[in-house]
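Undergrad: Generate a structure from the sequence data that follows.
(chains A and B)
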Protein chains: 2
Amino acid sequence: MATDVNRRYVLRKRPNGRIDDSTFELIEEPVPAPGSGQALVQNLYVSVDPTNRAWIGEEPTYLPPVGIGECMRSVGLGRVISSDDDRYPEGSLVTGLTGWQDYVVTGEGEIPLTPVPGDTGLPIESMLGALGLTGVTAYFGMLDIGKPQEGETVVVSAAAGAVGSVVGQIAKLKGARAVGIAGGAEKCAWLVDELGFDAAIDRHASDWKQQLRDACPNGVDVDFENVGGEIMREVFGLLNLNARVPLCGLISEYNDTDRQSGPSLQRVLVNRVTIKGFIILDYFGRFPEAIAQLGQWVAEGKVKDKHTMVEGLEKAPEAVNMLFDGDNIGKLIVKV
Amino acid sequence: MATDVNRRYVLRKRPNGRIDDSTFELIEEPVPAPGSGQALVQNLYVSVDPTNRAWIGEEPTYLPPVGIGECMRSVGLGRVISSDDDRYPEGSLVTGLTGWQDYVVTGEGEIPLTPVPGDTGLPIESMLGALGLTGVTAYFGMLDIGKPQEGETVVVSAAAGAVGSVVGQIAKLKGARAVGIAGGAEKCAWLVDELGFDAAIDRHASDWKQQLRDACPNGVDVDFENVGGEIMREVFGLLNLNARVPLCGLISEYNDTDRQSGPSLQRVLVNRVTIKGFIILDYFGRFPEAIAQLGQWVAEGKVKDKHTMVEGLEKAPEAVNMLFDGDNIGKLIVKV
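TA: Residues are numbered from 1 along each chain as shown, chains lettered A, B, ... in the order given. All right, here's what the predicted structure looks like:
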């Protein structure tokens, strides 16, 4: 329901480590008035992603850091409630960088909002999940960089997350063995029983390293890396000749203050491994290809997704910490 | 001069760290008798390379570890002194894995010996340098992985070594800026004054990190990595968007007993960097292409090489340590 107040989370202080009460301030402003050729969008859902944490660090990432006093940047999904722009008809859905706020005006963000096709028959939350940036990330990371072949072994870390869960399912669709690393028995059971992973390693188990080796008797051909740190080191120790590492995220390191260290590259050298960092925005022009294919897979039940929904914009900062604590299964979404 | 004794260095004990007196044993055996269809080769020069150290470690590299009691593996250059094989005419030169020994019989090694064209007019030592495995390594690492573009910045570590010195010269030939990192003022002067590098950083200088940053005002587009460790970490901190890292060697780490740590991959992720480990033997089928091009460049004076010659097979173990101490400029060769 539209109101006349626009709640916005603005960045107050860059966190040293985890986000805490001093990081953001929730302010109230009047709902912005769209100008000529603009549309007003009511934000319905906020996508919670590891990159949120990276965007409020000191260092530029692939986008400039969110400035102090600026509205927190995030991907979201909203509905057009008034429009003077034919590309965004009233009542239609849009996605893009809608931010942590109730309302946003088109044409004012860093990247244009994208209209969402209205006739997919899929749940609206999938637009932020399997068909959203996270699904598209899994798609291009796997197909352009990972290139899993029949019979190969794909390991994905943060496997029960929004990206990882789709990565493993794409591995299976390509005839590869899918091994997920996730935190907790519930997530692992979901990966194997519901999504069809061949094995899931609970990183909280004391013998997880041994479990990982056991689950990869023929080594690792693709390490879809979301986590970094100790998990990446272990997987790197199993990399096969000509293995590929789509480097998608290093979530275990984003809260670190010391970022000096990574895995040894000895095996990367000897086994001619390719590591490729990638940022999904580089694939912007090819999103329709990915969304069409993922949409088909979702409709056919070949790719399943799941959401953890947090109610209320005011919970957004807390939701980012949940992500780092591993308190979500599948896509973490804040319902505004 | 041929004798009837074949001196051979055999591996006695895997070193824990540096090679020492207990690592090898110099034994004397009768000169081997070539069988039907074989040729006898007198070893003239032994190529001393960082990979020699890696081959005597516990772990397999791209070839199995040299076995205890086996002749030490190394690249070399020899002359055929008797032959029952048309591919190796008497008096011709051959190169390949001739080992640390006076004589070798063709067809008994892991990889066939390669005939050396007799009419290049270039010094015989160049066959192990700019036209040898090290030159070919520079060639494919740069052209297939580094792909330097006009105006880009290429940084190469161990720049005064046999690979690095050719890497920088290829960078210049492709219109890129060449920045070398080497140990000592003499090497740095050689790189800039003789080889045409744009800058050379003496890693023994207390402010070498600052010098490196100053020498790369526009960041680093290609890091041709030979060294690893602290040098790689510093260069990684300067990697540009879409930078490439041909990962050729990690010499600073080969003597390490703890190989757990490498550079942070944060910047690799954010800047979409590609790291690619490579082993020159994978390019075996394309060696003629590289040797032809390098030969032309050498003949035209566009690629220069230099050798540090150590006299006597008995000095081979010591020569490997020289390499790690940085006591050579250009290609380090033992004259048998």
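
Undergrad: Whatever residue of the stretch 1-150 of chain A ends up closest to chain B sits in which helix or strand?
TA: Residue nearest to chain B within the stretch 1-150 of chain A: residue A:61 (4.9 Å; C-beta to the nearest C-beta). Just so you know, the C-beta spots here come from the backbone N, C-alpha and C atoms, and that holds for glycine as well. Using DSSP states H and E, residue A:61 maps to neither a helix nor a strand.

Undergrad: so it touches residue A:55, yeah?
TA: Yes: Residue A:61 is within contact range of residue A:55, at 6.4 Å (criterion: C-beta atoms under 8 Å).

Undergrad: Can you give me the distance of the residue of the stretch 1-150 of chain A closest to chain B to residue B:51?
TA: Distance of residue A:61 to residue B:51, computed by C-beta to C-beta, to the nearest Å: 37 Å.

Undergrad: All the strands of the stretch 201-336 of chain A, residue numbers only.
TA: Listed in chain order, the strands of the stretch 201-336 of chain A (DSSP state E, counting those that start in this stretch) span A:220-224, A:239-247, A:261-263, A:274-277, A:307-311, A:331-335.

Undergrad: got it, and the stretch 51-200 of chain A?
TA: Counting by DSSP E, counting those that start in this stretch, the stretch 51-200 of chain A has strands at residues A:76-83, A:93-96, A:103-105, A:114-116, A:153-157, A:177-182, A:199-202.

Undergrad: Let me have those strands in JSON lines, extended by mean neighbour count, distance to chain B and mean pLDDT.
TA: Output for these, formatted as JSON lines (neighbours: other C-beta atoms under 10 Å in any protein chain shown; distance: least, C-beta to the nearest C-beta, whole Å; pLDDT from 0 to 100):
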{"stretch": "strand A:76-83", "mean neighbour count": "21", "distance to chain B": "23", "mean pLDDT": "94"}
{"stretch": "strand A:93-96", "mean neighbour count": "21", "distance to chain B": "21", "mean pLDDT": "89"}
{"stretch": "strand A:103-105", "mean neighbour count": "23", "distance to chain B": "26", "mean pLDDT": "95"}
{"stretch": "strand A:114-116", "mean neighbour count": "17", "distance to chain B": "22", "mean pLDDT": "83"}
{"stretch": "strand A:153-157", "mean neighbour count": "30", "distance to chain B": "13", "mean pLDDT": "98"}
{"stretch": "strand A:177-182", "mean neighbour count": "28", "distance to chain B": "17", "mean pLDDT": "98"}
{"stretch": "strand A:199-202", "mean neighbour count": "23", "distance to chain B": "20", "mean pLDDT": "98"}
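
Undergrad: What parts of the stretch 51-200 of chain A come near chain B?
TA: When proximity is defined as C-beta under 8 Å from any C-beta of the partner chain, the stretch 51-200 of chain A approaches chain B at A:54, A:61-62.

Undergrad: Please produce CSV containing those residues, extended by neighbour count.
TA: Below are those laid out as CSV (neighbours: other C-beta atoms under 10 Å in any protein chain shown):
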residue, neighbour count
A:54, 22
A:61, 17
A:62, 18
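
Undergrad: ok, so of these, who is nearest residue B:292?
TA: residue A:62 (41.7 Å; C-beta to C-beta).

Undergrad: unless I'm mixing things up, that closest one is touching residue A:279, no?
TA: Yes: look at residue A:62 against residue A:279 with C-beta under 8 Å: they come within range, at 4.4 Å.

Undergrad: so what's in contact with these two at the same time?
TA: Here residue A:62 and residue A:279 have residue B:270 as joint contacts, going by C-beta atoms under 8 Å, 6 or more residues apart in numbering or on different chains.

Undergrad: what residues does stretch A:91-100 touch?
TA: For stretch A:91-100, the external contacting residues (C-beta under 8 Å, 6+ apart) are A:8-9, A:24, A:41, A:43, A:46, A:71-80, A:88, A:104, A:106, A:109-116, A:118, A:124, A:127-128, A:132, A:313, A:316.

Undergrad: of those residues, buried ones?
TA: Buried members of the contacts of stretch A:91-100, scored by 16 or more other C-beta atoms under 10 Å in any protein chain shown, are A:8-9, A:24, A:41, A:43, A:46, A:71-80, A:88, A:104, A:106, A:113, A:116, A:127-128, A:132, A:313, A:316.

Undergrad: mind listing which of those are in helices?
TA: residue A:316 (DSSP state H).

Undergrad: Quick check: closest non-adjacent residue to residue A:302.
TA: Leaving aside its sequence neighbours, residue A:302 sits nearest to residue A:173 (C-beta to C-beta, 6 or more residues apart in numbering or on different chains; 6.2 Å).

Undergrad: Ok, residue A:67 next?
TA: residue A:11 (6.9 Å).

Undergrad: How many residues are close by the one you found?
TA: As a burial measure, residue A:11 scores 21 neighbours (other C-beta atoms under 10 Å in any protein chain shown).

Undergrad: Report the beta-bridge partner residues of it.
TA: residue A:24 (DSSP bridges).

Undergrad: Give me the pLDDT value at the closest residue to residue A:298 other than its chain neighbours.
TA: Spatially, and ignoring its direct neighbours in sequence, residue A:298 is nearest to residue A:130 (5.2 Å; C-beta to C-beta, 6+ apart). We have a pLDDT of 88 for residue A:130.

Undergrad: so residue A:281 touches residue A:110, yeah?
TA: No: Residue A:281 is beyond contact range of residue A:110, at 10.0 Å (criterion: C-beta under 8 Å).

Undergrad: What is the neighbour count of the spatially closest residue to residue A:329 that is not a sequence neighbour?
TA: Nearest non-adjacent residue to residue A:329, counting by C-beta to C-beta, 6+ apart: residue A:160, 5.2 Å away. Using other C-beta under 10 Å, residue A:160 is surrounded by 28 other residues.

Undergrad: any idea of the pLDDT on residue A:160?
TA: Predicted confidence (pLDDT) for residue A:160: 94.

Undergrad: Near chain B, which residues of the stretch 201-336 of chain A? Just list them.
TA: A:228, A:232-233, A:247-250, A:253, A:259-266, A:268-279, A:282.

Undergrad: Swap in 7 Å and give it another go.
TA: Residues of the stretch 201-336 of chain A lying near chain B by C-beta under 7 Å from any C-beta of the partner chain: A:228, A:233, A:247, A:250, A:253, A:259-266, A:268-279, A:282.

Undergrad: Now the buried members of those.
TA: Buried members of these, counted by 16+ other C-beta under 10 Å: A:228, A:233, A:247, A:250, A:253, A:259, A:261-266, A:268-279.

Undergrad: and residue A:315, how many residues sit next to it?
TA: As a burial measure, residue A:315 scores 15 neighbours (other C-beta under 10 Å).

Undergrad: Excluding covalently adjacent residues, which one is nearest to it?
TA: Of all residues beyond its chain neighbours, the one nearest residue A:315 is residue A:334 (6.0 Å), with distances taken as C-beta to C-beta, 6+ apart.
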